[in-house]
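Visitor: Fold the following for me, if possible:
(chains A, B and C)
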Amino acid sequence: MSDLIVLPLVLPLFGAFLLPIVMRTSISIGAWIGPAILAYGCWILGDQWMSGTALPFSLAIGGFAPPMGINLYIDSLALLFAFAVQLLGLLFWPFKIDQETARRQALMLLLVAASTGLALSGDLFNLYVFYELVAVATFGLIAASGSSAAYASTIRYLILSGIGSVLTLLGIALIYSQTGTLNLAHLAQLAPEQLNNKLGLTAFLTILIGVGVKAELFPVNTWAPEVYATAASRVSAFLAGLVSKLALLIILRLLVLIFHQPEAVQVMLVLGILGVITGELAAWRAKDVRRMLAFSSIGQLGMIFIALAIPEQGGLLAVLALTFHHLLIKSGLFMLADGWGGAIEKLRGAAKRSPLAAAIFVLFSLSLIGMPPLPGFWAKFTLITQLAAQTSPLYLIGLTVFLLATVIEAAYLFRLAALLYGPAAEDTPIDTIPKPAGLSLATASLFGIGLLAAALFITPVGDLLSHVAGQAANADLYINTVFAGTGGSQ
Amino acid sequence: MTLTPLDELFLYSGITVLVALLLGRRLPAGWMVTILYGIQLLALMKMAPLGYGGEPISSALTFEVMGQSLSWRFDALSWYFALITLGSALLSSWYACGEWEQRFRQSGGNLWLFHLAMTLNVFSMLILLASGDLLSLFIGWELVSWAGFLLMAMAGGVATKAAMRYITYAMAGAMAIFGGIALVYVSAGSLQYEAILTAASQMSTAHLWMLVILFGAGFGIKMGLMPFHLWQAPAYAETPGPGSAFLGAISSRMGLFAILLVLVKLFGIVNIDSLKIPFTLIDARDLLAWIAVFTIIFPTFTAMKQNDARQLLAWHGIGQGGYMLLGLVVADAMGAAGGLLHVFNHATYQAALFMAVTAVIHRTGTADLNKLGGLVVRMPLTFMVLLVGIIGLAGLPPMNGFVSKWLVYRSLLNEGMPLLFVAAVIGTLGTILSVYKLIHNIFLGQLRVEHDNVKEAPWSMMIPMLILTAIIFITGLLPGIPLAWVASVQQAVGLPVPDYTLGGVESASGSLDMIWVIGVLFAGFGIGALIFYFAGGRSKRVHQLDNYAGGHFLTADVRYQYSDNFYAGLMHLIGGWYRGSFLWLEQSVKSLVEFLSLGMQGLYRRANAEFYLLSTALFVIAWVVI
Amino acid sequence: MAPMELIIELILMPLVAFVVGMMMVLMMRRIAAKLQRRIGPPFFQPLYDIVKLHSKRTQVSHGLIHDIGIVMAMGGYIAAETLLPVPGMTGIAEKGGIITLLYLMMIPSLGLALGVGQCANPNGSIGIARALTAMLAYDIPLVIVIFGVAYAAGTTNLVDIIAVQQAGGFETWGAVQMPVLAIAGLIAMHASLGKQPFEIYIAPAEIATGPMVEMSGKYLGGLFVMQCFQLYTTSVLYVSLFLGGGTTWFDFLLKSFLVLAIPVSIAYLFPRYRTEDLLRLMWKWPVMLGLIGVAFVL
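Guide: Take a look at the predicted model:
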């Protein structure tokens, strides 16, 4: 049963290669392949969760036991991410049929496959491979929107991402040169002796900066506003919502398992704080909805980095709460921005044109700001109580910045909300005001419903997240799980 | 699960929101909502023992979220504020029914949104008042803030601008509180009141300072304490009439409620008293008292310069909040009673005043004090309501505002605080000047030609106003009625209780018995009337405008109403003191954010991203190596 | 105290105040006449004036509020007198205290302001605006003084304040104990009477006697009565605060007349201040003196 877990990883990969061929013969059949694969993936992962298979477990691929062979590590966190990948892939599926369909859908499948791999992989090298795969798929998807601005931003992203990859590879190489292994569990065993030094720190920081490109870490995130503003909204939603979080997952695993140096945490804290400051302040003056969302996303990820810098398990809970909350909200907001792109001024009176979209926007904004009893509040509450408990003044600076940033966030989000609900500009008839496309709006509504459901069932959701965080924070469990099934390797 | 009376209250309040939500577009919605407010008030009356020292009532509703438990309960403090809330909601909503509603709808207002916003405000306020721990307090606080935003923003245009300003301030306040809560949680290990109570006595000075500043500023913003007061007047003034009556009556008092709960009850005024400011003679409590006094004086004198009746009233609302805080900070039996009683009194006259001004707007279409005048002959009852209201606002006998201010003055006298005392009196004198301008420019002086056919306000608006007028007078005559509630509030938060009687307060160092004072006052008026009407020749009633014009023949279309720059002589001296320093401060903060924002955008707009990446990488590697 | 006795007191106190007040008006006019080398009016002239004004044929009313204003102006003072103890009678002084008295004394001004407002004469309105400004000017030093006295006596009860002063004879008088406050109080009192140089709101040459511009017959008569009460109240209040009240009617009246004679004599020697100069003067000297006095008391 648990072997089936490879299918959500393999099938989309397979589908991605198959799709262009099928599409050449019949578009109508081909159009169904992707959604079918993703739906099946969702089902498998959901079933895995429901069937109550003991988590976590480890799966050796190809019959070689770790650390020699490569393995998948599936705990609740990985499963949750993998499920989110499949589901969002399905929700953001590029249904539009034109000449580019085959390419776009294949790239989407590739992205899903690579993302699933990122979530499940238990091996640093595999992580790197999947990470590169994600990058390749995203370049294609961004550029697929076809505009020259999209090409320009893709180039910028491409270069940045490429250098980031090199840096990551450098970090991995450093680790390998020191320890001779890339298996995470094995590294976790060796780390206290072999990586608790300057070399280890350098390795971590280079990986942090390299992976940080995707995780929108300051200052390697300058690609984000341009890309999100020019790419298709669905792609932006997927990138801002999910891919950035997967990059975070890598850092999270590294932190929990391998790198415990206080300096590592400090750098992340400082960069996180700077990210919050720059992102939120830049969003204050943003004149374009998508750019505003992009800057806000940078700010939010800064907050998550601040949370990641908290050494205790409570910090991890805050990370997960913020991560999943932001995943839900930002994806939803980008879906709304599909059709609401361009200058903010054009949206005057948009609430009359599309009341539902405006209402969902307000709901998302409120949760993003942290208005109780919406889930965003609980995420922020977990974060600030953890921050306040730290003794280092740097954390208190983080707390202050976080609180101030929230004020700014409220100001710009509600400036837009006021614009939406305000009167339309005099010379624009009501039906020329932009409105989100039906499908996007439906998707956004789905996210809205999800958010409300989470608010309603906050108690079980909170328990679940604490459970997930507890499992993810347990490095010994990770090691034991990986080596238990194969008899160990020490 | 059995429903406690508190649950019933929540239930009815929730039903009211639902009714407004679902049926709000139909015309009788206003009446339905009003009746439902009445039912809520009855449900509150079921808990009336709370107002006379009864045991707190808990809600059956509790939550466990992420290791925090949330609960709600009502004690004397909650009950007292809930009474004021529901009372003002009932009367404002009643006032809105009928003619005002129709006019509002005809002029393109969204009645559904109005009712919804009002019911949401009431509901969230009840939730806030019932909070049983710091977390539920914060939740209630945020709900109140956003519900208030809805009501303020709904009129659109200028109102939305004012509401945006409000929400920025409110968010800043909320975040200060949020930070404070995090600090409390860390030091007390829990957000339950009992845990905080025990932890507060052991906190270090620095910690307590931090908390007093965070909570004081956070809650103070809602109250409009200096220097966070700028948002309030425009926001309240631009809300649709009955809404501004409601907001003016109670909304910003939620800040006072929270200050009472957190700073007075949980941290304890004694602990705050021990916080000395280095190198000065004052401590945190004096600081609060001075903030209160500045909040009395500056907004009051700003009110005096307003030319819009609603703005004038809203500015006074800020100033009156200062008296409440001042009384509470003095915190002896009389001062605390005065501060708390003033909450009730202020709600009654402020609601009446906003209603009267709205009635004038309803009939004449303007609240501009330079475009009205002489309406007393056309709207005598509204005039009376406004008169009673301003006497209450100015704190003169025989209205209720006098009693609460008297108590505050007495406490300052007892404690020997001359400067605060004088400052408080300056505020009162400024208020008298300002409210005379209000009543003069609207109701007295020359009647404008275009207002010649103005009629008295409709009965649907008049009855709630008259009820309020009666309350203002009766609680002025018999202050013992509200003082009983106030006394149980004082007991509940651990403050000393004054020796009150039905007519006032007994004290060895000077008592007050309003029954006698008012009795004598009216006897005096009676004698004066006897002398006037029977001891002289019959007077001849001439037209209002038939007067001595210094040799000129004046017709009605010549405008000579003295209204603009009313206190010209005063302004010669103090006019230069209005510098708009706080506006300047607000603007500079905004400019700073704009400037930083510009810089940050520039940072992100630069194309050489690789440069950032490589330099960061080099930097961190260098940092590690060194 | 028996209720009957109290009622008699409550009737007698305003009556006494009225009679004494009329004599004070007479004194004021006589002093003016002396200073201007005139003979001055006969003894009953104030009473003649009141009767004359009330029985005039031209009685112009500008509306109900105009009437009510006059009633309030008289009634407010009538009520205030019952809070002001005189030898042998305390009325309801113990039920109100000095703060209440201070506030009751504002009611006539407010009544007058309302009445004048209804007359729709800009000169009247300007007069009222000035009168209220003047109130803002002199009340600030006045409340400082009252704070000082009440704090020193430890009570706001006027009966007790007087008793404290009478306890040790001349040495325990407020004026001896708190001379600085007494001076500040005198200046503030002078201003509160609205006599020259502080008559900014009457200003006949500027705004045609301001509030009185539309008053005729018994309206003016009512104001005349109000003035009698005002002179009485102000001087008796000062006597009660600083000169130990009165043990007998003789020294009580003597003190009251003497106190009043000071500002009245000064009044006829000076021209009029401008509004802002009044404010400046009031907020500077008496406030400073008052604060110094309070500092001594604390």
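
Visitor: mind listing the strands for chain C?
Guide: For chain C, applying DSSP state E gives strands covering C:60-61.

Visitor: Which single residue in it comes nearest to chain A?
Guide: Here chain C gets closest to chain A at one residue, C:L136, 39.4 Å apart by C-beta to the nearest C-beta. Glycine gets a C-beta too; all of them are placed from N, C-alpha and C.

Visitor: Now do the helices in the stretch 401-550 of chain B.
Guide: Here the stretch 401-550 of chain B has its helices, by DSSP state H, counting those that start in this stretch, at B:418-443, B:459-477, B:480-493, B:514-534.

Visitor: Of all the residues in stretch C:78-90, which ones are buried?
Guide: Using 16 or more other C-beta atoms under 10 Å in any protein chain shown as the test for burial, stretch C:78-90 gives C:I78, C:A79, C:A80, C:E81, C:T82, C:L83, C:L84, C:P85, C:V86, C:M89, C:T90.

Visitor: nope, stretch B:559-578 is what I was after
Guide: In stretch B:559-578, counting by 16+ other C-beta under 10 Å, buried: B:560-563, B:566-574.

Visitor: just stretch A:230-249 next, same as before
Guide: Residues of stretch A:230-249 classed as buried by neighbour count (16+ other C-beta under 10 Å): A:230-249.

Visitor: Sort out for me which of the residues you listed are in helices.
Guide: A:230, A:233-238, A:244-249 (DSSP state H).

Visitor: Not counting sequence-adjacent ones, nearest residue to A:L38?
Guide: What sits nearest to A:L38 in space, not counting adjacent residues and going by C-beta to C-beta, 6 or more residues apart in numbering or on different chains, is A:L90, at 4.3 Å.

Visitor: Near the one you found, how many other residues are there?
Guide: 18 (other C-beta atoms under 10 Å in any protein chain shown).

Visitor: same deal with A:A149?
Guide: Residues within reach of A:A149, counting by other C-beta under 10 Å, total 13.

Visitor: tell me which helix or strand of the chain sits lowest on mean pLDDT?
Guide: Since you didn't name a chain, this refers to chain A. Taking mean pLDDT, DSSP states H and E as the measure, the helices and strands of chain A show their lowest mean at strand A:57-61, namely a mean of 76.

Visitor: that's the other chain; I wanted chain B
Guide: For chain B, judged by mean pLDDT, DSSP H and E, that is helix B:269-273, with a mean of 70.

Visitor: Would you enumerate the residues in contact with residue 112?
Guide: Answering for chain A, as no chain was given. Applying C-beta atoms under 8 Å, 6 or more residues apart in numbering or on different chains to A:V112 gives the contacts A:P12, A:L38, A:G41, A:V85, A:Q86, A:G89.

Visitor: let's do chain B instead
Guide: Going by C-beta under 8 Å, 6+ apart, B:W112 touches B:A20, B:G24, B:R25, B:A29.

Visitor: Mind checking what helix or strand follows the helix or strand in which it is found in sequence?
Guide: Following DSSP states H and E, one finds B:W112 within helix B:111-129. Sequence order places helix B:134-153 as the next helix or strand after helix B:111-129, per DSSP H and E.

Visitor: Mind giving me the packing neighbours of that following helix?
Guide: Counting contacts by 3 or more C-beta pairs under 8 Å, 6 or more residues apart in numbering or on different chains; DSSP states H and E, helix B:134-153 is packed against helix A:375-389, strand B:68-74, helix B:111-129, helix B:158-188, helix B:241-246, helix B:253-259.

Visitor: pLDDT below threshold where in the stretch 101-250 of chain C?
Guide: C:196-210 (pLDDT under 70).

Visitor: Looking at it, what residue ends up closest to chain B?
Guide: Counting by C-beta to the nearest C-beta, the stretch 101-250 of chain C gets nearest to chain B through C:G117 (3.0 Å).

Visitor: Contacts only, for the closest residue to B:F294 other than its chain neighbours.
Guide: Of all residues not flanking B:F294 in the chain, B:M226 sits nearest, at 4.6 Å (C-beta to C-beta, 6+ apart). Going by C-beta under 8 Å, 6+ apart, B:M226 touches B:I291, B:F294, B:T295, B:F298, B:P299, B:F582.

Visitor: Now B:M226, what are its backbone angles?
Guide: Note on B:M226: its backbone torsions stand at phi -60, psi 150 [degrees, to the nearest 10].

Visitor: Name the surrounding residues that touch the helix or strand harbouring A:E226.
Guide: Assessed by DSSP H and E, A:E226 sits inside helix A:223-230. Contacts to helix A:223-230, defined as C-beta under 8 Å, 6+ apart, come from residues A:142, A:145, A:147, A:149-150, A:152-154, A:156-157, A:160-161, A:213, A:216, A:236, A:239-240, A:282, A:288, A:290-291, A:293-295, A:297-298, A:334, A:341, B:604, B:609.
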